[in-house]
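Trainee: Pasting the sequence and the predicted coordinates here, then a few questions.
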Amino acid sequence: MSSFMKAIAVHPGKAHTMHMRDIEKPELASIPDGRGVLVKVLQVGVDATDLEISEAQYGAAPAGDDFLVIGHEVFGIVEDVGDKVDHVKPGDYVACTVRRPGKSIYDTIGRSDITSEETYYERGINLRHGFMTEYFVDDAEFIVKYPGQLKEIGVLAEPASVCAKAIEQAYAAQQRLQVWEPKTAWVMGAGQIGLLATMMLKLRRLNVCTIARSPAEGNLKAEIAESFGAHYVSTKNSSLDEVAKEYGRPDLIIEATGNSMIAFQCMNVLNLNGALVLTSVTGGSRQTEIESDKINLEWVLGNKLMLGSVNGNFRHFHDGIADMALGSAMYPGTIEKLLTHPIDGMENYEQLLPLLADSSVLKVYVNIADA
C-alpha cells in the first residue's frame with residue numbers, strides 16, 4: 001500500500017484554488033539507473049511567482065493531473081540516495097534546481113535553463129509538481145549540496161541562483177566588447193532578488209544603486225541594501241534621470257521589480273555599451289508607451305544590450321551559494337535579515353497569499369520540518 005504525505009497545491013487556470021491535499025510519497029526507485037535522491041523538505045520559500053500562479057496568470061499541471069503542487073524554492077536534507085549517487089549522502093543539506101529538460105539540444109547538454117523549446121518544465125511552476133511537500137525525489141543531476149554552516153539562509157539558495165545567473169549572463173554576453181569593466185550598477189527592486197543581486201554586485205566591487213519605490217526612512221529593505229554598501233534610492237524622491245545625474249549612468253542594470261513598465265523605463269538611462277538584464281516574469285496584460293525612436297537611436301549608436309534571464313542550472317546554484325558564503329563573511333548577519341516572514345507548518349498555508357500580496361513584506365517561507 002502506498003504511503004501518503006501532505007502537499008499544498010492549486011488548480012492551474014482557476015484563481016484562488018490553493019489547498020492542502022494528500023499525495024503519494026515518492027519512491028527512490030522512481031528515478032532510474034540508481035540516480036535518485038530522496039529529500040526531506042525542511043523549508044520552502046514562496047514569492048510573486050506563487051502568487052501569480054494562484055491568480056491563474058500562468059502555470060500548468062503535469063499531464064494526467066488537474067492540480068499543481070506549488071513551491072520552487074526548496075531547502076532540505078537527504079534521507080536516501082541511489083547506488084550511483086556520489087556527490088551527496090544521507091544527512092547532507094541540499095537545494096534543488098527548478099527547470100527540467102525538454103528535447104532541445106540545450107536540454108540534452110544540461111542547459112535546460114536556456115531551452116529553445118516554447119514548452120518548458122519547471123517544478124512548482126509549469127508541468128512539473130513543486131516542492132511544497134514533506135518529501136521529494138529527483139535525479140542527482142538537479143540536487144545541489146549545501147553547506148551546513150549556512151543552513152539558516154538555505155531557503156535563499158534558489159533566489160541566489162537567479163541573481164548569480166543574471167550577473168554571469170551579463171558578463172558573458174559583454175565579451176562581445178572584448179573589454180568590459182562596469183563601474184556602476186543599478187538594481188531595480190528591493191525584494192529578495194534585488195537585495196541578493198545588490199550584495200553580489202558589491203562583492204564584485206561595483207558602485208551599486210538599489211532603486212525601489214518605498215522611502216528609505218524606517219525601511220528594512222533600505223537598511224539591508226545600505227548594509228551591503230549600496231546606495232538606496234526611492235523613486236518617490238528621485239526620477240531615474242536624477243539618479244543618473246547624481247550617481248552616474250549605469251553600465252549594468254539588473255531589473256527585478258516585477259513591473260514591465262520599469263523595465264522599459266530603464267532603457268532610457270543605460271550607459272553606452274551597457275547591459276540591461278530582465279529577471280521579472282510578468283503575467284499581466286499591461287501596455288506601456290515608450291519613446292521608441294529615441295530608444296532605438298540611442299541603443300544602436302550606443303551598442304547597448306538587453307537580455308532575459310530565467311532560473312538557473314546547478315552551476316548557478318553553486319555560484320549563488322558561494323556568493324552567499326562570501327557575503328555572510330563580508331556582511332555578518334545581514335543576509336539573515338531578508339528572512340522576515342516564516343510560516344510554521346503547511347497547515348497554515350492560508351497565510352501565504354495575504355503576505356505575498358503585501359509589497360512591504362520581504363521574504364515569506366514555510367517551515368515544514370526540522371532536520
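Mentor: Alright, I've got the coordinates.
Trainee: Any chance you could give me the longest strand along the chain in PDB, C-alpha atoms only?
Mentor: In the chain, assigned by DSSP state E, the strand with the most residues is strand 36-46. Output in PDB follows, covering the C-alpha atoms of strand 36-46 (Å, rounded to 0.1, in the frame of the first residue of the first chain):
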ATOM      1  CA  GLY A  36      17.600   9.000  -7.300                       C
ATOM      2  CA  VAL A  37      17.900  11.200  -4.200                       C
ATOM      3  CA  LEU A  38      15.200  11.200  -1.500                       C
ATOM      4  CA  VAL A  39      15.000  14.600   0.300                       C
ATOM      5  CA  LYS A  40      13.100  15.500   3.400                       C
ATOM      6  CA  VAL A  41      11.800  19.100   2.900                       C
ATOM      7  CA  LEU A  42      12.800  21.500   5.700                       C
ATOM      8  CA  GLN A  43      11.700  24.900   4.200                       C
ATOM      9  CA  VAL A  44      10.100  26.200   1.100                       C
ATOM     10  CA  GLY A  45      10.200  29.800   0.000                       C
ATOM     11  CA  VAL A  46       7.400  31.500  -1.800                       C
END
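Trainee: quick one: average pLDDT of it?
Mentor: If you average the pLDDT over strand 36-46, you get 98.
Trainee: List the neighbouring strands of that strand plus their orientation.
Mentor: strand 73-81 (antiparallel), strand 135-139 (antiparallel), strand 364-367 (antiparallel) (DSSP bridges).
Trainee: and of these, who's closest to residue 222?
Mentor: Of all these, it is strand 364-367 that lies closest to residue 222, at 19.5 Å by C-beta to C-beta. The C-beta positions use only the backbone N, C-alpha and C, and glycine is treated the same way.
Trainee: what distance separates that closest one from the centre of its chain?
Mentor: Offset of strand 364-367 from its chain centre (C-alpha atoms, centre = their mean, to the nearest Å): 15 Å.
Trainee: Now that strand - C-alpha only, PDB.
Mentor: What follows is strand 364-367, C-alpha atoms only, in PDB (Å, rounded to 0.1, in the frame of the first residue of the first chain):
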ATOM      1  CA  VAL A 364       7.900  34.600   3.100                       C
ATOM      2  CA  TYR A 365       8.800  31.000   3.700                       C
ATOM      3  CA  VAL A 366       7.200  27.900   5.200                       C
ATOM      4  CA  ASN A 367       8.900  25.800   7.900                       C
END
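Trainee: Flag every buried residue along that strand.
Mentor: Applying a neighbour-count criterion of 16 or more other C-beta atoms under 10 Å, one finds 364, 365, 366 buried in strand 364-367.
Trainee: what kind of secondary structure is residue 185 in?
Mentor: At residue 185 the chain is in strand, as set by DSSP: H, G, I helix; E, B strand; the rest coil.
Trainee: ok, what's across the strand from it?
Mentor: With DSSP bridges as the criterion, residue 185 is bridged to residue 208, residue 252.
Trainee: With residue 147 as the reference, measure out to it.
Mentor: 27 Å (C-beta to C-beta, to the nearest Å).
Trainee: Tell me how far residue 204 lies from residue 191.
Mentor: Applying C-beta to C-beta, the value for residue 204 to residue 191 is 20 Å.
Trainee: quick one: which of the two has more around it?
Mentor: Comparing residue 204 with residue 191 by other C-beta atoms under 10 Å, the one with more neighbours is residue 191, at 21 against 14.
Trainee: So for the more buried one, what pLDDT did the model give?
Mentor: pLDDT recorded at residue 191 is 95.
Trainee: Quick check: phi and psi at residue 305.
Mentor: Residue 305 adopts backbone torsions of phi -130, psi 140, taken as degrees, to the nearest 10.
Trainee: Skipping adjacent residues, who's closest to it in space?
Mentor: Computed as C-beta to C-beta, 6 or more residues apart in numbering, the closest residue to residue 305 that is not its neighbour in sequence is residue 275, at 4.6 Å.
Trainee: give the contact list for the one you found.
Mentor: Counting by C-beta atoms under 8 Å, 6 or more residues apart in numbering, residue 275 touches 170, 173, 174, 182, 251, 252, 253, 304, 305, 306, 307.
Trainee: Can you name every helix or strand that whichever strand or helix holds the first one contacts?
Mentor: The one in question is residue 170. For residue 170, the host element (DSSP states H and E) is helix 157-173. Counting contacts by 3 or more C-beta pairs under 8 Å, 6 or more residues apart in numbering; DSSP states H and E, helix 157-173 is packed against strand 73-81, strand 93-96, helix 192-203, strand 252-255, strand 275-278, strand 305-308, helix 314-330.
Trainee: same question for it, mean pLDDT?
Mentor: The average pLDDT within helix 157-173 is 98.
Trainee: what about residue 49, neighbour count?
Mentor: If you count neighbours by other C-beta under 10 Å, residue 49 ends up with 24.
Trainee: For residue 173, which residues are in contact?
Mentor: For residue 173, the contacting residues are 275, 305, 307, by C-beta under 8 Å, 6+ apart.
Trainee: let's see it at 10 Å
Mentor: When contacts are counted by C-beta atoms under 10 Å, 6 or more residues apart in numbering, residue 173 touches 180, 275, 277, 305, 306, 307, 309.
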